[in-house]
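Peer 1: Sequence first, then the predicted structure:
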Amino acid sequence: MAVHDKYDVVIIGAGPAGYVGAIKAGQLGLKTCVIEKDKCGGICLNWGCIPSKNLIHQAQVFGSIQELKEMGIKFNLDSFNYASVHKKSRKVVERLNRGIEFLLKKNKIELIKGKASISGKSKVSISDGRVLDTKTIIVATGSRPAEVPGFEFDHKQVLSSNDILSLQQLPESLVILGAGAIGCEFAYIMNTFGVKVTLVEMADHVLPFEDAEIAAILEKSFQKSSIDVLTGHKAVTLTKSDDGVDVTLEDPEGGRRTIKAQKSLCVFGRKPNTENIGLENVGLKTDNGYLPVSDFYQTAVDSVFAVGDVVATPLLAHVASKEAEIAVEYIAGQHPEPRIEIEAIPSAIYCEPQVASFGLTEDKAKQADIAYQKAVFPLSAIGKAVAIGKPDGIVKVLVSPDSHEIIGCHIIGHDATELIHEALLAKSSELLTDDIACMVHAHPTLSESIMEAMRAVEGMAIHY
Ligand code: FAD
């Protein structure tokens with residue numbers, strides 16, 4: 001059992017938390033090692049953000065066939081093969097995998113392939129028998145799809161998000177249980193490629209954590225594109241048969257109905273990977289599976305930090321990376337801003353139309369009895385949105401009534417996930433609506449919708 005040179009930091013897991021933390025640590029001159037049992041990039045790169053966004057991109061290209069037909073271009077779709085769509089998504093993943101390994105090398109980070117666990121306050125054991133000696137440990141082991149009793153994945157008919165990203169052949173029909181970000185993105189992808197999709201959500205609207213007005217617009221758009229959306233319906237049983245699955249749903253009045261589909265995708269949430277990583281060896285306990293941490297992501301054991309999906313903050317790649325940067329800066333003796341402000345975390349859902357937001361929703365403001373003023377500006381009043389055939393959507397901004405400080409911004413529409421950052425930059429720079437309203441925006445752009453929404457706060461929008 002060899003004990004290696006003492007490291008400043010050993011990071012377990014090379015997802016967006018682990019590899020970003022490692023690069024940051026290398027930049028700050030810390031002797032760093034990152035241990036990964038699978039592929040660099042974690043869920044985000046291998047089974048999450050990146051392959052799903054590539055499939056969305058390919059679905060958008062596929063979905064533009066109608067427009068090309070209107071231009072007189074003739075198509076024969078007989079040779080369309082979803083296997084090549086899948087293959088392309090994996091190629092993108094492979095390319096970025098290599099990119100991360102290159103960046104780790106460039107920043108002089110030691111990458112060890114193997115399964116790691118904490119064996120002491122300053123010791124990490126690897127599956128090959130090595131034990132590393134380190135001043136600090138960062139747990140960045142991420143999460144996995146949550147499995148619900150009665151809806152266990154069989155990876156053939158009952159699929160997880162990993163499984164659907166591995167499909168090389170499209171099912172004829174798909175019932176998606178859970179209309180969060182992942183459920184909505186796959187509803188869009190599969191429906192665009194011609195799969196008959198039923199999207200089921202227990203809450204009273206799709207994207208339960210987003211603003212209800214925005215979710216209602218998405219729901220309408222999904223229904224218009226022939227996705228069957230059933231909100232307020234709880235999936236109670238799932239039965240498998242030779243030709244697919246039967247899912248029984250219960251509505252709020254207790255009425256039952258059964259949906260038949262060739263396959264089901266169960267996206268009920270995610271579970272943190274905090275088992276079998278040696279937490280017990282240093283006396284660390286989890287809360288509902290998550291590791292409790294301080295403002296600098298330090299656990300109850302001073303030398304052990306935890307970042308990303310293993311802590312109870314939004315399970316998003318950009319949150320994971322930022323948390324890792326804060327933890328590493330703290331370890332390096334710098335004075336980072338503590339813990340990311342939850343109201344300043346952007347949320348982004350990449351179906352068409354896209355949804356992006358930050359800060360309070362109207363419901364949350366009401367529940368917390370926070371006074372707000374609201375302004376809504378429709379994309380249909382924006383020249384660029386009409387010119388490119390994407391007039392559906394709104395920009396909705398919530399501000400404090402007196403100061404006009406932005407307390408929430410919610411966008412649905414084309415490129416919403418890019419547009420949100422102008423409003424977010426304004427919020428994080430403590431700018432007011434008037435600062436955006438007065439800034440000259442290029443014409444024609446979708447960004448004009450942000451300017452107009454801010455003008456609308458004063459009742460001074462020009463185009464509506
Ligand atoms: P992970 O990415 O899970 O990485 C953890 C790593 O640790 C893994 O590589 C794992 O192999 C490794 N590991 C675990 N245990 C050990 C061990 N004992 N030893 C060594 N290595 C270990 N987020 C967004 O922000 N935007 C999106 O568009 C988005 N889309 C998504 C789409 C899907 C389908 C899914 C499932 C998720 C999506 N997410 C998205 C969420 C995002 O992927 C996660 O929030 C992010 O990957 C979390 O990063 P992490 O580093 O904490 O964990």
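Peer 2: Structure's in. What do you need?
Peer 1: Val20 - how many residues pack around it?
Peer 2: For Val20, the count of nearby residues is 26 (other Cβ atoms under 10 Å). Placement of C-beta: from N, CA and C, glycine included.
Peer 1: excluding its backbone neighbours, what's nearest it?
Peer 2: Ser321 (4.0 Å; Cβ to Cβ, 6 or more residues apart in numbering).
Peer 1: check contacts around the one you found.
Peer 2: Shown in contact with Ser321 (Cβ atoms under 8 Å, 6 or more residues apart in numbering): 16-17, 20-21.
Peer 1: I believe Gly183 is in a helix; please confirm or correct that.
Peer 2: Yes: counting by DSSP: H, G, I helix; E, B strand; the rest coil, Gly183 is part of a helix.
Peer 1: Quick check, it in contact with Leu199.
Peer 2: Yes: counting by Cβ atoms under 8 Å, Gly183 does reach Leu199; the two are 6.3 Å apart.
Peer 1: Common neighbours of these two, please.
Peer 2: 176, 206.
Peer 1: What is the three-state secondary structure of the residue nearest to Val20?
Peer 2: Three-state assignment for Ser321 (three-state DSSP): helix.
Peer 1: Now for the closest residue to Ile118 other than its chain neighbours, how many residues are close by?
Peer 2: Spatial nearest neighbour of Ile118, chain neighbours left out: Gly278 (3.7 Å); criterion: Cβ to Cβ, 6+ apart. Burial of Gly278 is recorded as 19 neighbouring residues (other Cβ under 10 Å).
Peer 1: In contact with Gly278, which residues?
Peer 2: 117-119, 125.
Peer 1: what's the distance between it and Pro444?
Peer 2: Distance, Gly278 to Pro444, by Cβ to Cβ, to the nearest Å: 57 Å.
Peer 1: Can you name every helix or strand that whichever helix or strand Gln223 is part of contacts?
Peer 2: Using DSSP states H and E, Gln223 sits within helix 212-224. Under the contact definition 3 or more Cβ pairs under 8 Å, 6 or more residues apart in numbering; DSSP states H and E, helix 212-224 sits against helix 181-192, strand 228-231, strand 354-359, helix 362-367, strand 394-399, strand 406-413.
Peer 1: Turn these into TSV, including distance to Ala146, mean pLDDT and mean neighbour count.
Peer 2: Converted to TSV, the helices and strands packed on helix 212-224 look like this (distance: least, Cβ to Cβ, whole Å; pLDDT from 0 to 100; neighbours: other Cβ atoms under 10 Å):
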stretch	distance to Ala146	mean pLDDT	mean neighbour count
helix 181-192	11	98	25
strand 228-231	20	98	19
strand 354-359	22	98	25
helix 362-367	24	97	14
strand 394-399	31	98	24
strand 406-413	26	98	27
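Peer 1: which one of the ones you listed lies closest to Lys384?
Peer 2: strand 406-413 (10.9 Å; Cβ to Cβ).
Peer 1: Give the pairing partners of that closest one; include direction for each.
Peer 2: strand 354-359 (antiparallel), strand 394-399 (antiparallel) (DSSP bridges).
Peer 1: which stretch among those strands comes nearest the ligand?
Peer 2: Nearest of the strands paired with strand 406-413 to the ligand, taken as Cβ to the nearest ligand atom: strand 354-359 at 10.7 Å.
Peer 1: Go ahead and name everything in contact with the closest one.
Peer 2: Against strand 354-359 from outside (Cβ under 8 Å, 6+ apart): 184, 207, 210-211, 214-215, 218, 343-349, 398, 406-417, 419-420, 423-424, 427.
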